[in-house]
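In: Need the 3D shape of this:
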Amino acid sequence: MKLLLVVWWLAAAPEPSRAETERPDTYTVQSGDSCATIAARFWGATSRIDELHRYNNLGPTPHRLVAGQVLRLRHPDPNTPDATLTFVKPAVRARKTAEWEPATLGMGLFRLNEVNTMRRAGAELTLRDQSQLLLDENALVVIYGEPNAQFVTRGPAIVEGEVRMALSGARAVELPGGGTLTATRADGVAAVDGARTSRVSIFDGDVVVESQKVAVRLKRDEGTVVRHGAPPLPPRPLPMPPELHDVAAVTGQDGVANVRVAWSAVPNAARYRVQLARDARFLDLAVNEMTSGESLELHRLSPGRYQLRVIAFDAEGLQGRAAEAKPLDVVSLGLGPDASGVVALRAGVTPRFVGPPGFSLSPAPQTLPAGQHQVEVRDGAGAVVSTVRVSVRPLAPTVRVEAGTTVLEFSEALDDASALSLRDAGGEVPLRQLTPRRFEVGRATSGPATLRWGSFDLLRFGRASGGEK
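Out: Just a heads-up that it's a prediction; the model follows:
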């Protein structure tokens, strides 16, 4: 009888509903969702709401879900990493056991693993719920596992350094001295300095920062400072984004470029951070510098397309939302511009040109006659992003003496000879254009004379036997 009862129970056990078998690992909350509607959709009944609560640490009821929040619908696979390194710029290291090891792209991290970025390094951690932590240089983060209602209540801990946060699920981020940052969904930055003071800036979302049993709520574009062992300071508005001045394409000299960037002053800003990145998300930084002024000289930039932005900081060190990024294009043409900003080229010779993919010059410099020209720098879509002043120099002329007067004869017509000059020991020697190709030396030269095209020496010749009086 007992065996028959067991057989009957097994036979009568209900099969999983279609909704349950098709349930994904996570779900992104949409506008109008509630715990009950999500339970009905993925478990087949609103009465299964406890299943949703079992996998997500949503805090006390009633729960206020936020569009874009990511909820877990299944117990996480213990073999799935709690976090994965989705960007690594050397030198970054990880500690999974007692020893540090080089961090690698795609490396999985589990509970109590650590990630440390070194000088001029950066790393991106993507957590199971697709939340992302971007570590600036000299940052240290400890992974405490994926938060849920039953097992793990601690989030990642920022031990030192600056971390940009894009939190898509309900979680806490630990700060030094027992402080915590709790959010359902938020974008912002948490920075911990050498004195273990935490500075939290929130650009979007609703965040609670707690320390020493005192909690403050931060809303959009608000921040707070938490000194070690002290309660958080009252929320304060963050500095406004600086307005970047337009920056055109830059022509590098000797393969690299220096460029000065500027922006409008922001009220209550004490300093600014200038960031130049090789990607739109500002993961791969080429420049990351602080200044107290409203401009900064960037040095030795290699050819390519960059993204430029500026961030304002107030006197407490809280940073505001970054200015809207602007592209900065660096190209290299020939040897680059001289002190007057003009690129010297040789007629009929194709110069070396390096720029972002798809960039080109119009017209092609090698097709230009000798003279002064404006050459357009065009992007891959054919749009003009900048112009470059070009001076195309001719071949050296032939020197003749005709009726006691020195004549310079070029192999091609010079429609624009404004860059041509002649000097000797006595100073400037006048030149008179006879034809598009022929020039008369205006006086007898004193010792060797140098014929120049702009800053380039075309020819040197000896004393002439005569000249125009």
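
In: what stretches of the stretch 1-150 of the chain score poorly on pLDDT?
Out: 1-21, 59, 145-150 (pLDDT under 70).

In: I'd like to know how many residues surround residue 392.
Out: Residue 392 has 25 neighbouring residues, counting by other CB atoms under 10 Å. For every residue, glycine as well, the C-beta is placed using N, CA and C.

In: close enough to count as contact, it and residue 343?
Out: No. The criterion here is CB atoms under 8 Å, and residue 392 misses it with residue 343 at 9.5 Å.

In: bridging residues for residue 100?
Out: residue 95 (DSSP bridges).

In: Look at it and say how many residues are nearby.
Out: 12.

In: which residues sit in contact with it?
Out: Counting by CB atoms under 8 Å, 6 or more residues apart in numbering, residue 100 touches 93, 94, 116.

In: Format those as a markdown table; extra columns: neighbour count.
Out: Formatted as a markdown table, those follow (neighbours: other CB atoms under 10 Å):
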| residue | neighbour count |
| --- | --- |
| 93 | 19 |
| 94 | 20 |
| 116 | 22 |
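
In: Looking at these, which one is closest to residue 49?
Out: residue 94 (38.4 Å; CB to CB).

In: how far away is the closest residue in space to the closest one that isn't next to it in sequence from residue 81?
Out: Excluding the flanking residues, the one nearest residue 94 by CB to CB, 6 or more residues apart in numbering is residue 103, at 4.3 Å. Distance of residue 103 to residue 81, computed by CB to CB, to the nearest Å: 13 Å.

In: Ok, residue 325 next?
Out: Residue 325 is 31 Å from residue 81, by CB to CB.

In: now residue 44
Out: 31 Å.

In: cool, and residue 172?
Out: With CB to CB as the criterion, residue 172 and residue 81 are 19 Å apart.

In: looking at this, residue 41 is in a helix?
Out: Yes. Counting by DSSP: H, G, I helix; E, B strand; the rest coil, residue 41 is part of a helix.

In: What about it, how many residues nearby?
Out: Neighbours around residue 41, by other CB under 10 Å: 14.

In: try residue 409
Out: Neighbours of residue 409 (other CB under 10 Å): 14.

In: what bridges to it?
Out: Bridge pairing for residue 409 - DSSP bridges - gives residue 398, residue 438.

In: show me what contacts it?
Out: Contacts here follow CB under 8 Å, 6+ apart; on that basis residue 409 touches 397, 398, 400, 437, 438, 439.

In: I'd say the second one and residue 408 touch.
Out: If I follow you right, that is residue 398. Yes. Here residue 398 reaches residue 408: they are 7.4 Å apart, a contact under CB under 8 Å.

In: How about stretch 378-389, which residues are buried there?
Out: 378, 379, 385, 386, 388 (16 or more other CB atoms under 10 Å).

In: mean confidence score for stretch 278-288?
Out: In this model, stretch 278-288 has a mean pLDDT of 93.

In: Oh, that last question was meant for stretch 257-267, not what I typed.
Out: Mean pLDDT, computed over stretch 257-267, is 92.

In: Quick check: end-to-end length of that stretch?
Out: 31 Å (CA to CA, to the nearest Å).

In: what does stretch 352-367 give?
Out: 14 Å.

In: those strands in the stretch 351-469 of the chain, which residues are they?
Out: 353-354, 360-362, 371-378, 384-393, 398-402, 405-409, 420-424, 427-429, 431-433, 438-441, 449-453, 456-461 (DSSP state E, counting those that start in this stretch).

In: Nearest to residue 294, out of those strands?
Out: strand 384-393 (22.8 Å).

In: Partner strands of that closest one, with direction?
Out: strand 342-346 (parallel), strand 371-378 (antiparallel).

In: Quick one: residues in contact with it.
Out: Strand 384-393 has contacts (CB under 8 Å, 6+ apart) with 248-251, 329, 333, 337, 341-347, 359, 361, 365, 368-379, 419, 453-454, 456, 458.

In: so where do the helices sit in this protein?
Out: Using DSSP state H, the helices found in the chain span residues 2-12, 18-21, 35-43, 49-55.

In: Now the third one: buried residues?
Out: In this case it means helix 35-43. In helix 35-43, counting by 16+ other CB under 10 Å, buried: 35, 38, 39, 40, 42, 43.
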